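Novice: Next input, structure requested:
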Amino acid sequence: MRTQGEGSIYPLPNGKWVAMISTLDGDGKRVRRSKTSHSRKGAESALRELKAAFRGVGSQAVAKTVSELLEAWLAFKSSEISAPTGEQYRYAVRHLKNGLGSVSLSKLRPQQIDQFLQSKHDLSPRYRKLLRTVLSMALDQGVRWQLLASNPAAYSAKIKQPEAEGRGLTDQQARSLLEAAHGDRLEALWVVMLLLGLRRGEALGLQWDDYDRHRRILTVTRQLRKDGTIGELKTKGSKRSIPVPVAVTDALETHRSRQLSEIANLAAEGIQWRNQGVIFTTGIGSYLNPDNASHYFKALAKRAGLDDWHLHELRHSAASFMLVKGVPLEVVADILGHSSIRITADIYGHLTSERLKVGADAMDAVFSGLTDKSANIGQIVTI
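Specialist: Below is the predicted model of the structure:
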């Protein structure tokens, strides 16, 4: 018989595995949590995280320093967040513990937080903002746990983010890139990312089952992480089905034929293809290392005469092309998999402004001959 808090794992009919744990909280109430994984090994790892989380349920009662609170909060949250989010949180917690960990919760003040964040000159504004956000979330939980009366991070200075607009290829640069990619083993990858704006991990995680060639639909449901494992998408809004243009369909069909030839050639040599069903792989069927894919793209860009271009800039280029051609902002947000149209507007709002200016210029051209009659119009209005 399992003891309280030991937890269990079990398989589901769909092939996935569930890790579950149950225990009593400080008020004697039954608390249950579970996490689903794609493999037994993943479920075992999830169970360890759940156990750590339940240890956190009781540990908040003795958290007296910022470091102790961060540890308790991180354990408490571990079963609710995705692996990529967990990595970001742990990264932030390491920095916070080094700078503020020894400070007593009762003595933590907004000024201390401001001074700490200002001292992190080696971090970009984005990561300083992450540190402030994580600290604020942990302190909010501390307030709910009645460890402190208020959240001092809420009164600290916000971290201003630079208004980086990103960089997109021009029409001519895009043509040059596609010409250089013609015949490349990964030509379809570059076409998919340029025309659909997929994130790197999303593109590398695609499987042939995600591609409906008859309806010309590509469904994004997973991503390849940097560590080579398949995981959840960045946000819930990232899961999407995208209608694909003919150029993408043609590139994928050519890629499928090439891949089938590679599989047959390896089989003739007695070598088995590693991952059946994955669209973009190495020459033996392994998942492509994300960093290697970026290196391959940089070499391709150089051949196209485009020095110092990064793979992620294909995503920005896709958004730029769509917006400049008049595709509505909400449609672009859906295609890119943004969780909110506001994110799209914040990143690409300058492009919609340019498009609106074109509209204003067109209106000037239409009504330029009427400007000399403006005084008469004013007189008519006032009669």
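Novice: ok, and for stretch 112-122, which residues are buried?
Specialist: Gln112, Ile113, Phe116, Leu117 (16 or more other Cβ atoms under 10 Å). In this view, the C-beta of every residue, glycine as well, is placed from N, C-alpha and C.
Novice: mind listing what Arg258 touches?
Specialist: Arg258 makes contacts with Arg185, as judged by Cβ atoms under 8 Å, 6 or more residues apart in numbering.
Novice: tell me the SS of it?
Specialist: helix (DSSP: H, G, I helix; E, B strand; the rest coil).
Novice: How much space separates it from Phe280?
Specialist: 11 Å (Cβ to Cβ, to the nearest Å).
Novice: repeat for Ser78
Specialist: Counting by Cβ to Cβ - Ser78 and Phe280 are separated by 31 Å.
Novice: Low-confidence bits of the stretch 151-300 of the chain, can you list those?
Specialist: Applying pLDDT under 70 to the stretch 151-300 of the chain flags residues 161-166.
Novice: the helices in it, which residues?
Specialist: 171-181, 187-196, 200-204, 246-268, 290-303 (DSSP state H, counting those that start in this stretch).
Novice: tell me the angle the second one makes with helix 290-303.
Specialist: With axes from the mean of the first three to the mean of the last three Cα atoms, to 10 degrees applied, the angle from helix 187-196 to helix 290-303 works out at 90 degrees.
Novice: I'd like to know which elements helix 187-196 is packed against.
Specialist: helix 171-181, helix 200-204, helix 246-268, helix 290-303, helix 313-324 (3 or more Cβ pairs under 8 Å, 6 or more residues apart in numbering; DSSP states H and E).
Novice: Would you tell me which one of those helices is buried the most?
Specialist: helix 200-204 (a mean of 24; mean count of other Cβ atoms under 10 Å).
Novice: which helices and strands does that helix pack with?
Specialist: By 3+ Cβ pairs under 8 Å, 6+ apart, helix 200-204 packs against helix 187-196, strand 223-224, helix 290-303.
Novice: Those: which one's closest to Leu148?
Specialist: Evaluated over these, closeness to Leu148 peaks at strand 223-224, with 37.3 Å, by Cβ to Cβ.
Novice: chain center to that closest one: distance?
Specialist: Centroid separation for strand 223-224 versus its chain: 10 Å, with Cα atoms, centre = their mean, to the nearest Å.
Novice: Counting by contacts, list what that strand packs against.
Specialist: With contacts taken as 3+ Cβ pairs under 8 Å, 6+ apart, strand 223-224 sits against helix 200-204, strand 230-231.
Novice: Relative to Leu139, which of the ones you listed is closest?
Specialist: strand 230-231 (28.4 Å).
Novice: Not counting the closest one itself, show me its contacts.
Specialist: His38, Ser82, Ala83, Pro84, Gly205, Arg222, Gln223, Leu224, Arg225, Tyr287.
Novice: Would you mind putting those into JSON lines with neighbour count and distance to Arg132 alongside?
Specialist: Compiled in JSON lines, the contacts of strand 230-231 are given as follows (neighbours: other Cβ atoms under 10 Å; distance: Cβ to Cβ, whole Å):
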{"residue": "His38", "neighbour count": "14", "distance to Arg132": "34"}
{"residue": "Ser82", "neighbour count": "13", "distance to Arg132": "21"}
{"residue": "Ala83", "neighbour count": "15", "distance to Arg132": "23"}
{"residue": "Pro84", "neighbour count": "16", "distance to Arg132": "20"}
{"residue": "Gly205", "neighbour count": "26", "distance to Arg132": "31"}
{"residue": "Arg222", "neighbour count": "20", "distance to Arg132": "31"}
{"residue": "Gln223", "neighbour count": "23", "distance to Arg132": "26"}
{"residue": "Leu224", "neighbour count": "23", "distance to Arg132": "30"}
{"residue": "Arg225", "neighbour count": "18", "distance to Arg132": "25"}
{"residue": "Tyr287", "neighbour count": "19", "distance to Arg132": "35"}
